[in-house]
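Asker: pasting the structure only:
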């Protein structure tokens, strides 16, 4: 354990110089995911509802005397000016979809991120006010917010050359901030499991019951989406304990990826598998977050690690050609 | 005793503003949850969302009350160490270089702490998915006492996804956990449907209301879009599913919504045999019907 700590403890830090790969990936996946959501989901349907539907009645969303989301998601505006019509929402959704495509190809990406962020927050307000507590869009809003506050010179851009007067730290801290938000997002979910149910959560979560649910409702066309072909492998209690334990450890420990970059790929892999399992077994879709998680993997660290291993084996075998040779030269 | 509390108070007043804020947030959290605790004991019907796993609201609130108390106690017990960490953060914030972004990062971290400690749902960020467990649904071998109802409408067969019967572990009786939904058209045709047409996270919020005028507008909008094979821009098969996705139904052969006359919801009981893939509708009774 001590060896692992000494060998792999590399705190990420905020204001450190780095290459742009991870930030460019964050930019790309965020705009891609925003565009994908807007090209797929019909948010215009909220234009059919009148103000009587804006209620925030779910206690999990509103545990104060007054729902704070009503203010923070700008829903109070619609009590003053009336709910937007289907036509207004149609134009808005298509305009923001276009903006996200522009951001993806690098046309005024920071402006596009700000437009997308505000639209996503307002849409989340509609979702919450119609008796939901989330629609899986929180990580997307977080990513758009991070892009909104990043200096515009850090983005890849279609027109113009990036100017970076302050050095390349502006590629590093936005990604670290996004990873921190994701760590808090997953960490809170893990902590809630411990507080609501207890540290023995893996033993009582009973995913085998969920597998039964998945298979039984899979026979009816009116049911939530499940994939019985996957659920048949989840019918044992032992398997449920194992999956529960892995989930809890990954959720609570996601923040460790900020200290031990070698764990970033492992935790991201587990969380992607977890999102897929939740979709296939419970019919709840968080899978889009997996796209954003790709920006949390420390590719440059893994690359360095591979190069180092390559160089080491080249020295051991006396081979100084191809990849091993190049790796050796880069590391010496 | 009093002098000790006096020195605590003096320390608190002289401590860093961050420390004071953290203490205040935890005290507010305790006050908020104490109020909610009273509400839970006094008037709650026990239908709090998180009760699906068998928990009472009292248990839920007590858990978070405990969290606030633990954090507050830690702040008091390890105040020297915590204060030194806070002064390190303050020094970090005071650095001139990248100060603007240091404050952005600090603001985000503060919001996360406030949101979690007070259980505030800001919409754009919230205190995390609640803890959950899966209860025993008892879906296998349900309704053993139900006898064959020969008057059950024949169209109920259309609500069965025959290709998934092979995954049921053994021959058994099953009941539709969610109500089987049907669209009835003017020419006498009946087609299965589901709430994927609407796009809401929880459709019961809209569809369990007495005012049914809006329901047809919502369903027709969804149906017309899916008949064309596209929801917004992407083809239906490529589109990112809703947060609460339903089973994929191919609506492209459905009649136009103009001729939609009725929506009905049924509880269906079937016998299935996974080996042969055969099924038989044993019973079906109408739960709700909404005429246009």
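Answerer: That came in fine, so what should we check first? Just so it is clear, the structure is predicted and the values come from calculations on it, not from any experiment.
Asker: Is the spatially most central residue of chain A in a helix, a strand, or coil?
Answerer: Closest residue to the average C-alpha location of chain A: residue A:289 at 3.7 Å, with Cα atoms, centre = their mean. Three-state call for residue A:289 (DSSP: H, G, I helix; E, B strand; the rest coil): helix.
Asker: That one against residue A:278, yeah?
Answerer: No - here residue A:289 does not reach residue A:278: they are 10.5 Å apart, not a contact under Cβ atoms under 8 Å. For the C-beta atoms, the positions are set from N, CA and C on the backbone; glycine is no exception.
Asker: Give me the common contacts of the two.
Answerer: The contact sets of residue A:289 and residue A:278 do not overlap (Cβ atoms under 8 Å, 6 or more residues apart in numbering or on different chains).
Asker: From the contact counts, what lies against the helix or strand containing residue A:292?
Answerer: Secondary structure from DSSP states H and E places residue A:292 in helix A:288-293. Using 3 or more Cβ pairs under 8 Å, 6 or more residues apart in numbering or on different chains; DSSP states H and E, the elements in contact with helix A:288-293 are helix A:21-40, helix A:138-149, helix A:262-282.
Asker: who wins for proximity to chain B among these?
Answerer: helix A:21-40 (3.6 Å; Cβ to the nearest Cβ).
Asker: for the helix or strand that comes right after the closest one, the distance to its chain's centre please.
Answerer: Using DSSP H and E, the next helix or strand after helix A:21-40 towards the C-terminus is helix A:68-72. How far helix A:68-72 lies from its chain's middle: 23 Å, per Cα atoms, centre = their mean, to the nearest Å.
Asker: So for the next helix or strand after helix A:68-72, mean pLDDT?
Answerer: Using DSSP H and E, the helix or strand that directly follows helix A:68-72 along the chain is helix A:76-81. Helix A:76-81 carries an average pLDDT of 90.
Asker: from the middle of its chain, how far away would helix A:76-81 be?
Answerer: Counting by Cα atoms, centre = their mean, helix A:76-81 is centred 31 Å from the centre of its parent chain.
Asker: which other residues reach that helix?
Answerer: A:51, A:54, A:70, A:84.
Asker: from these, which is closest to chain B?
Answerer: Checking the contacts of helix A:76-81 against chain B by Cβ to the nearest Cβ gives residue A:70 as the nearest, at 8.6 Å.
Asker: If I take the helix or strand containing residue A:250 and helix A:262-282, what angle do their directions form?
Answerer: Using DSSP H and E, residue A:250 sits in helix A:237-253. Interaxial angle of helix A:237-253 relative to helix A:262-282 (axes from the mean of the first three to the mean of the last three Cα atoms, to 10 degrees): 130 degrees.
Asker: Show me which positions of helix A:237-253 end up buried.
Answerer: By neighbour count on 16 or more other Cβ atoms under 10 Å in any protein chain shown, the buried set for helix A:237-253 is A:240-241, A:243-244, A:247-248, A:250-253.
Asker: just stretch B:141-155 next, same as before
Answerer: Applying a neighbour-count criterion of 16+ other Cβ under 10 Å, one finds B:142, B:152, B:155 buried in stretch B:141-155.
Asker: Figure out how far that stretch is from the centre of its chain.
Answerer: On Cα atoms, centre = their mean, the centre of stretch B:141-155 falls 32 Å from the chain's centre.
Asker: So what would you say the end-to-end distance of that stretch is?
Answerer: Stretch B:141-155 has an end-to-end distance of 23 Å (criterion: Cα to Cα, to the nearest Å).
Asker: Tabulate the contacts of helix A:76-81 in JSON lines, adding columns for neighbour count and distance to residue B:160.
Answerer: Formatted as JSON lines, those follow (neighbours: other Cβ atoms under 10 Å in any protein chain shown; distance: Cβ to Cβ, whole Å):
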{"residue": "A:51", "neighbour count": "12", "distance to residue B:160": "40"}
{"residue": "A:54", "neighbour count": "20", "distance to residue B:160": "38"}
{"residue": "A:70", "neighbour count": "21", "distance to residue B:160": "43"}
{"residue": "A:84", "neighbour count": "18", "distance to residue B:160": "40"}
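Asker: Closest to residue A:215 out of these?
Answerer: Within the contacts of helix A:76-81, the smallest distance to residue A:215 is 38.1 Å, found for residue A:54 (Cβ to Cβ).
Asker: now the residue nearest to the centre of chain A: how far from residue A:272?
Answerer: 9 Å (Cβ to Cβ, to the nearest Å).
Asker: Also residue B:262?
Answerer: Distance, residue B:262 to residue A:272, by Cβ to Cβ: 43 Å.
Asker: now residue A:95
Answerer: For residue A:95 relative to residue A:272 (Cβ to Cβ), the value is 31 Å.
Asker: go on, residue A:124?
Answerer: 23 Å.
Asker: more neighbours, these two?
Answerer: residue A:124 (28 against 16; other Cβ atoms under 10 Å in any protein chain shown).
Asker: now the helices for the stretch 151-292 of chain B?
Answerer: Ranges of helices within the stretch 151-292 of chain B are B:204-207, B:213-227, based on DSSP state H, counting those that start in this stretch.
Asker: What's the per-residue pLDDT of residue B:78 here?
Answerer: In this model, residue B:78 carries a pLDDT of 91.
Asker: wait, I meant residue A:30
Answerer: Here, the pLDDT recorded for residue A:30 equals 97.
Asker: Next, count neighbours for it.
Answerer: Residues near residue A:30, counting by other Cβ under 10 Å: 28.
Asker: and the gap between the closest residue to it other than its chain neighbours and residue A:177?
Answerer: Excluding its sequence neighbours, the residue lying closest to residue A:30 (Cβ to Cβ, 6 or more residues apart in numbering or on different chains) is residue A:143, at 4.2 Å. Shown here: residue A:143 relative to residue A:177, a distance of 10 Å by Cβ to Cβ.
Asker: These two - which one has more neighbours?
Answerer: A side-by-side neighbour count of residue A:143 and residue A:177, using other Cβ under 10 Å, places residue A:143 first with 30 against 22.
Asker: Tabulate the contacts of helix A:76-81 (CSV), appending pLDDT.
Answerer: Listed next are the contacts of helix A:76-81 as CSV, based on pLDDT from 0 to 100:
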residue, pLDDT
A:51, 79
A:54, 75
A:70, 87
A:84, 92
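Asker: I'd like the average pLDDT over the helix holding residue A:292.
Answerer: Averaging pLDDT along helix A:288-293 yields 96.
Asker: Output the contacting helices and strands for the helix holding residue A:250.
Answerer: Judged by 3+ Cβ pairs under 8 Å, 6+ apart, helix A:237-253 is in contact with helix A:169-196, helix A:201-204, helix A:207-217, helix A:262-282.
Asker: Helix A:169-196 and that one, what's the angle between them?
Answerer: 130 degrees.
Asker: Show the pLDDT at the nearest residue to residue B:204 once chain neighbours are set aside.
Answerer: Nearest non-adjacent residue to residue B:204, counting by Cβ to Cβ, 6+ apart: residue A:131, 7.9 Å away. Per-residue pLDDT puts residue A:131 at 79.
Asker: Which parts of chain B are strands?
Answerer: According to DSSP state E, chain B carries its strands in the segments B:172-175, B:180-185, B:190-193, B:260-273, B:278-291.
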